[in-house]
Structure formats: structure tokens, C-alpha cells
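Student: could you look at this predicted model? Sequence included:
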Amino acid sequence: METTRSFTLRDYDLAATLTSGQAFRWEWQDQAWTGIIGSRWVRLHPGPGSLTAETATTVADWHWLSHYLQLDVDLAQVLRTFPDDEPMRAAVAACRGLRLLRQNPWECLASFILSSTKQIVQIRQIVARLCECYGDPVPVVPGCRPAFSFPCPARLARATEAELRACKMGFRAPYLLETARLIAGRQVELNRLRELPLESARADLMQLPGVGRKIADCVLLFACGFQAAFPVDVWVMTALRRLYFPHRRVSTRHLHQFTAAHFGANAGYAQQYLFHYVRTKAKEPQNNV
């Protein structure tokens, strides 16, 4: 049993990965990244070509962390599948080492329901408040502030809309509440989505309140392993129009058709590179996810 474990990192930009709009519970404190994965508090200390992970309780098997961070992915092989065009070359040059995380599907879904029209800093605040009010306390190392797990669907299903609105989520409260009730009632089985074809999994998610194609594709990409899912939001629209269609007016439908044909089996990975590239380089629009 151990509370720390060192990992070798190859071609991995931890900061870019944790701040690229995939997840909202990581904070940079005292030269380390602190976050919650499932019911575990974890602190990640990056070093040259390495990562030291620290937990508050003893751990026998660290597969959960390796899986979450996708440490075993051959990034070079993924990048070789990207289209060989100037926008992708520029995005890879600026963001190389950026990885996709593999998150819990429910936490990912709920977080992106709460993300609608919000900036990343605001999403972090809403999610933190939700966890403080409805999550379970998790052990932390001495000297750290209290931490909480992400609340399960059944816990949120017992809340009222007014109680959820107190977490500053506004019009998103009824969407989150009804979705939690449907998931708790097993009308949609999130853990079975990865067994379905992409289109079927997307259609199942889009039956849920407040879930359009963008949110569905985020869940499929960041939680379910569908690396062909290509979420299109305001930032990605900006990137596609600026980098691929600079002198043309193109519809969202045409953009979806273009991405499906152009970016291949790892389109979602390519999307994340374009998203992070344009978001960290551009000043407009605001950094909504």
C-alpha cells in the first residue's frame, strides 16, 4: 500500500490537458495540480518527464489514475492520423502533449449541462458549490481545505429545483435535476453508451433535458472513448471558420459534415487541439466552453 506513486511521462503536457476545458475540478496550488477523481483527493506534482501522484489514503492499485490521465496512449500515433494541413500543424506545434482525459460519464455529463453559456471560471465555481452542497467528504492530507466527491445522480434527484438554483446554476437547474432523475431511474444507462455505435450513443444522450449535440459529443469524447466525436462550440466554430473557411460563410451543418470527413478516426483529439489552440491564442469570443 502507498500514498505516492511516480509515473514516467512521455510527450505529455499536464497543464494543457487539465486546463483545456475537459474537466473543471483541477487547481494549481503550491507547484502541483490538486483535484478529485471519483472519491479520491489527489495531488499531481509534475517534473521533467515524470509525474508524482499523492493521495490522502493508501492505494494498492493506481490503474484509476493511469486510466483517467490516459498515460498509456501513444500520442505520436494519434497525431499521425491528423490531416496534414497548416491549421493542424500549427495547433500541434502550439499544444503538443495535450491529451484527452477519460472521465466518469455522469460527472462529465452533469458538468457540461452546467457549462451552457458560462465561462470556464464560472463553471468551476458552480461545480465546486454543487459538490460542497451535495457531494460526500473525501479524505485530504493535513493542511488542505475540505474536499468533496461529485454528487451521484440519486442524490441530486432528491433535491428541488430551488435548492439547485442556490448553487448559482440558474436556468440549468431544471435540466440537471430532470437528467439526474432519468439517470437515477436508469432510463439512460451511461455506462453502456460505449457499447453502442457513435450515432446511437449520441441520440440516447440527446434525449436528456438540456443536452444538445455539443454536450453529447463532449461526454462521448471525454468520458466514453469515442475519439471520432467532434464537439462544436463557439470556440471550435471560430477555429474552423478562421482556419479552414476564412473567406466563406458556412453553416453549422456544413461544419459538422466537414469535420466528419476531414479529421478521421481521431477527430475528437484534433478538435481538442484546435479548441485549445484558438482559445489560448484568440481574445474573442469570451472563453465559454
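Tutor: It's in. Numbering: from 1, shown residues only.

Student: in stretch 93-100, what counts as buried?
Tutor: Of the residues in stretch 93-100, 95, 98-100 count as buried by neighbour count, 16 or more other CB atoms under 10 Å. Using the backbone N, CA and C atoms, a C-beta is placed for each residue, glycine as well.

Student: return stretch 161-169 as PDB; C-alpha atoms alone will do.
Tutor: The C-alpha trace of stretch 161-169 is given here as PDB (Å, rounded to 0.1, in the frame of the first residue of the first chain):
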ATOM      1  CA  GLU A 161     -35.000  23.000  -8.400                       C
ATOM      2  CA  ALA A 162     -34.800  25.800  -5.900                       C
ATOM      3  CA  GLU A 163     -32.100  24.100  -3.900                       C
ATOM      4  CA  LEU A 164     -30.100  23.500  -7.100                       C
ATOM      5  CA  ARG A 165     -30.600  27.100  -8.100                       C
ATOM      6  CA  ALA A 166     -28.900  28.100  -4.800                       C
ATOM      7  CA  CYS A 167     -25.700  26.700  -6.300                       C
ATOM      8  CA  LYS A 168     -25.800  29.600  -8.800                       C
ATOM      9  CA  MET A 169     -26.600  27.400 -11.800                       C
END
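
Student: tell me the pLDDT of Asn287.
Tutor: For Asn287, the pLDDT comes out at 40.

Student: ranges for the strands of the stretch 101-250 of the chain?
Tutor: Taking DSSP state E, counting those that start in this stretch as the test, the strands found in the stretch 101-250 of the chain are 137-138, 147-148.

Student: out of these, which is closest to Leu130?
Tutor: Of all those, strand 147-148 sits nearest to Leu130, with 9.1 Å by CB to CB.

Student: show me how far the closest one is from its chain's centre.
Tutor: Distance of strand 147-148 from the chain centroid (CA atoms, centre = their mean, to the nearest Å) equals 19 Å.

Student: quick one: average confidence on it?
Tutor: In this model, strand 147-148 carries a mean pLDDT of 98.

Student: helices along the stretch 1-150 of the chain, start to end?
Tutor: Ranges of helices within the stretch 1-150 of the chain are 14-18, 63-69, 75-80, 86-95, 105-113, 120-134, based on DSSP state H, counting those that start in this stretch.

Student: any chance of the ones you listed in a markdown table, plus distance to Ile36?
Tutor: Shown next, in a markdown table, are the helices of the stretch 1-150 of the chain (distance: least, CB to CB, whole Å):
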| stretch | distance to Ile36 |
| --- | --- |
| helix 14-18 | 12 |
| helix 63-69 | 11 |
| helix 75-80 | 25 |
| helix 86-95 | 25 |
| helix 105-113 | 9 |
| helix 120-134 | 8 |
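
Student: about what we covered before: narrow the buried residues of stretch 93-100 to those in strands?
Tutor: Among the buried residues of stretch 93-100, no member falls in strands (DSSP state E).
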